[in-house]
Each structure stands twice: as C-alpha cells, then as structure tokens.
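>>> Just the structure for this:
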Amino acid sequence: MRLGQTSVIYLISKFGGSMLGFFATIYFTRTLGEEIYGFYAITLALVSWLGIVKSVGFGQAIVKRMSEDEEPDAFLAAGTTIKGVLTAIVVFGVLIFRDQVNVYVGQPVAEFIVLLLVISIFSGLVNSALKGSHRVHVYAPLSTAKQGAQSVFMIALVYVGWELSGMLFGHALGTALIAAVGLWFVKPNFVVPRRRHVISLFDFAKFSWLGSMSKKTFNNMDILVLGLFVPSGLAGIYAIAYALSEFLEIFGNAIGNTLFPELSKHAAANDNHMVRTLTNDAISYAGLFLIPGIVGGAILGDRLMRIYGDGFEIGAQVLPILLVSILVYSYNKQLLNTLNGIDRPDLAFRANFAFIVSNLVLNLVLVYSIGWVGAAIATAMSAGIGLVFGFYYTRRHIAFTIPFGEIARQWIAALGMGIAVYASREFGEANWTWISDYNAVFVVGLIGLGAVVYFGLLFSISTGFRTTVANNLPFDIPFLGR
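A predicted model of the protein is given here:
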C-alpha cells in the first residue's frame, strides 16, 4: 500500500472520529455547561500526565523494536510486563493521595482516575502493537471507532443524569471496548521475554520517554496550570479551543504515524536517501490543514466557539494563538520522528527537554501574570523553541531541505481563501437576518467555501501537490499525469 494512501486512510478515519467527538462535545457543553466540562478536561489532563509515569517512553520503544521485524512478540511481552509494573505503582500512589487529587480537580474523581489509568495501559499496548507491526491502516479506523464508542457511552450516561461521572465512565468503557477489538487484530503469540528484550526496550525508552512527556506537555500542561490559577469554566473553554485547534493537526499526525515505521525500517537498512526523502515529504505537508486553519480561525473564531453554547465566544481570544502553536509543533514532531526513526532518541531527548522546560516555566509565569491567554502564548513560544532544537539536531544527521516553495504556496492559497471567507461573512451578516439563529449552519457553509477555495487554489498553483494527489489515487486521472 502506498504511504500516501495509508496516510489518507488514517486521515479519513481520524476525521470521522473527530467529527463524532465534535458533536458529542457540543452536547456536553450545552447540557452541562463549561464548569463541568472544565472538571472533565482537568481530570483527563491529570490522567494523561500520570500515564507518562506508568509508560516512560516504552510505548514508542515497543513500536520501534517491533517495526524492525525481529522478535516482535517478545518485545511486546517485555513492554507489557514493564508497563504493568509501572502502572501498579502509579495506581497505588493515586489511592494513597486520593484526597489531594480530589481537591486539585474539585470533584471526587480519584477512583475514576485509577480506572482510566488501568484501561489506558491496555489501550496503549494494543496501539503500539498495531503501529509496530505496520498496521497503521488498522489502527486509524479503530481510533475512530474508539472516539465513536466513547461518545455513545458518554452521551447515554449523561442523558440518564450521571453528568461528570457519566463522561468519565463512558470514556473508560469506549476505550476498553475498542482496545479489545484491536487485540484481536494483533493476535500476539505468548512469548516469555528475555533480559535482552527488556534491555533493548530500555535503551530506546531511556531517551524516548521525554518524547511522550513532550506530547503530554503540549496537550495538557496549559490545562493543568490553568487548573491552579483560573476557574474551571475558563479551563473548559480553553480545552474546547484547544480541541478545535488539534482537530486540524490530524494530517500531521497521519504523516507521522504512517512514516515512523518506514523511517525505522529504511534507517535500519542504511537507506539514507529514502530517510531524507520521507523527511522532506513530511515537512512539506505537515501544515496542509493547519495553515488555512490559522487564517480561518482568525476570521471565524468567535462564531466557531459560539457553536458550543453561550459564553464560549471568549475562546476566540486564544484560538488563533493555539493554531499557530500547533502548526509549529507539528513541524517539530516530523523532525523528532526522523531522529527517533534513525535510532537517535538521545537527540530527540535534548530537543524535547528544551521544549518541556520552557513550556512549564512560561506557562507558570504567563498564566500567573496575564491570565488564561498566557497559557496559549506560552505554548506557542515553547513550540518555537522546540522547533529550533529539533531542526538543529536533525540537520546534523539528515541532509533534508526545507520546502519553502511548497509551504509558501500553502500560505498563498490560505490567504486567498481568507479573503473569500471574510467577504462572505461580511456579506452574510449585513444581508441575512437568519444568521443569528442559525450560526452553526452559517459557519459550516463558510468552512465549506473556504475548503473549496483553498484546495482549488493550491491545486492550481502547486505542481508538487498535484503530483502527490495523482501518485496516491487508486486510479488514473489523465490530465494530472504522474
């Protein structure tokens, strides 16, 4: 299967899952309000951070070692044993300090955190096995199914009156169900791991654990800091703005998840030319959706946030900043993906360390001094610092080129799209009185217009984009050429 087609399968699957999550979130915010959603966001952020302690990079290490196609079952068994022991330690700690955990969140959620932690190790192991065995095309649809299952269970439980408990328990049920399905696809053989398998995982994980922490830092550090300094309602609105921004990171994630096993395989075979080619391709298209998203977020941010209910429009203050930070972070992830693929997690470790330290310090300083907008600014600034380090270390080992021309064409198409969307919004608001009552319909129409204009312009001005589309279609289009 072509890598582009695999990325598209991942993209379509994640898009479907994100849409399910989008509609479910609207139901939760309109039914329960921003405060309860804030408690939910803070709880999941805490679970995510505690999850770092229980895995410390072994998930990525399992993917790396299994993707090398040597004793994959043994490496999976070794990783399962290690993560099981670490999870038990974390669960014990949560139960001991349950009172402090409940005070921080503002709700009695310690038992739910334990449940989510246990289920997350099972889900994480299955995901690592799927990606490590080159089944990204299976992992992606299951990821969509997981979001769908979570949404169904959560909506049902909230509907019957469980509120926050329903959201958390539904999240756990959906995750467990789809992880069980994923295990059926993996069909691992029972193997007793040997000491060398554990050592091999540790050799990779001792550096790659910071990569896991980097992702969690980017996703959740701001939410955790906001939980210390601002009301839970603002944290909930911020989480919604971040979720909207992260939605546009789907394609960058599709590229990274698809290319990592291939980078690892070609690096193991000393095929530096293919590693360089894959890195160039990843950078070229990491911002394909995010660049127009930044322009669109600046123009439609207030109306987008209003879809979630009254009082959410204030999220437009942070939405464009978060979109910029995710764009920068997406480029950095592609570079760190290459470093891990060529078995240099030590260099990725250094770049991630710079990002994490700057993110923590900037979040604490800026949120304390200027409020919740400071969290978005801190995230963007630290992402830029991480990108500088990632570029420096990757360029030292892989002679990739920055595709300035392709990125510039994406910006040109996005600006053209922005003009069309802005003009259409101004015209609609001036002439159509029904807009105030049907904001969601108006926004969806403007987004659809923007997508058509953006991809139409990009298709017309970018030979590289046309070629990429042609090379990854399952059929030939005569006027495109290959």
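
>>> which stretches of the stretch 151-300 of the chain have low pLDDT?
Low-confidence segments of the stretch 151-300 of the chain (pLDDT under 70): 203-219, 251-262, 264-269, 271.

>>> Run through the helices of it in chain order.
163-186, 195-216, 222-229, 232-247, 250-268, 272-285, 290-306 (DSSP state H, counting those that start in this stretch).

>>> how far out from the middle of the chain is the first one?
Shown here is helix 163-186, whose average C-alpha point lies 18 Å from the average C-alpha point of the whole chain (C-alpha atoms, centre = their mean, to the nearest Å).

>>> now do stretch 231-242
17 Å.

>>> and for that stretch, what are the contacting residues?
Identification of contacts with stretch 231-242 by C-beta atoms under 8 Å, 6 or more residues apart in numbering yields 25, 29, 33-42, 106, 219, 222-223, 226-227, 305, 308, 311-312, 314-316, 318-319, 322, 372, 375-376. C-beta: built from backbone N, CA, C; applies to glycine.

>>> Could you tell me which of those residues count as buried?
25, 29, 34-42, 219, 222-223, 226-227, 305, 308, 312, 314-316, 318-319, 322, 372, 375-376 (16 or more other C-beta atoms under 10 Å).

>>> Next, the contact list for G456, please.
Residues near G456 by C-beta under 8 Å, 6+ apart: none.

>>> in what helix or strand does it lie?
Using DSSP states H and E, G456 falls within helix 439-461.

>>> buried set for that helix?
Those would be F442, V443, L446, G450, V453, Y454, F455, L457, L458, for helix 439-461 by 16+ other C-beta under 10 Å.

>>> what about the closest residue to I26 other than its chain neighbours, which SS state?
The spatially closest residue to I26, leaving aside those adjacent along the chain, is Y308, at 5.7 Å (C-beta to C-beta, 6 or more residues apart in numbering). Following DSSP: H, G, I helix; E, B strand; the rest coil, Y308 is assigned to coil.

>>> Use 17 as the first number for this chain going forward.
Sure, I'll start counting at 17 from here, so that last one is Y324.

>>> Y324 is in contact with F44, isn't it?
No. Counting by C-beta atoms under 8 Å, Y324 does not reach F44; the two are 9.0 Å apart.

>>> related to what we said a few turns ago, so which of the helices of the stretch 167-316 of the chain is nearest L352?
Evaluated over the helices of the stretch 167-316 of the chain, closeness to L352 peaks at helix 211-232, with 6.4 Å, by C-beta to C-beta.

>>> For stretch 139-155, give the mean pLDDT please.
Across stretch 139-155, pLDDT averages out at 73.

>>> Most remote residue from the middle of the protein, which is it?
For the chain, the residue at maximal distance from the C-alpha centroid (C-alpha atoms, centre = their mean) is N447, at 38.8 Å.

>>> Which members of the buried ones among the contacts of stretch 247-258 occur in helices, if any?
Using DSSP state H, the subset of these located in helices is 41, 45, 50-58, 238-239, 242-243, 321, 335, 338, 391-392.

>>> now for the host helix or strand of A439, which elements pack on it?
Using DSSP H and E, A439 falls within helix 420-447. Where contact means 3 or more C-beta pairs under 8 Å, 6 or more residues apart in numbering; DSSP states H and E, helix 420-447 is packed against helix 288-301, helix 306-322, helix 455-477, helix 479-488.

>>> If we use 6 Å, what do you get?
Helix 420-447 sits against helix 306-322, helix 455-477, with contacts defined as 3 or more C-beta pairs under 6 Å, 6 or more residues apart in numbering; DSSP states H and E.
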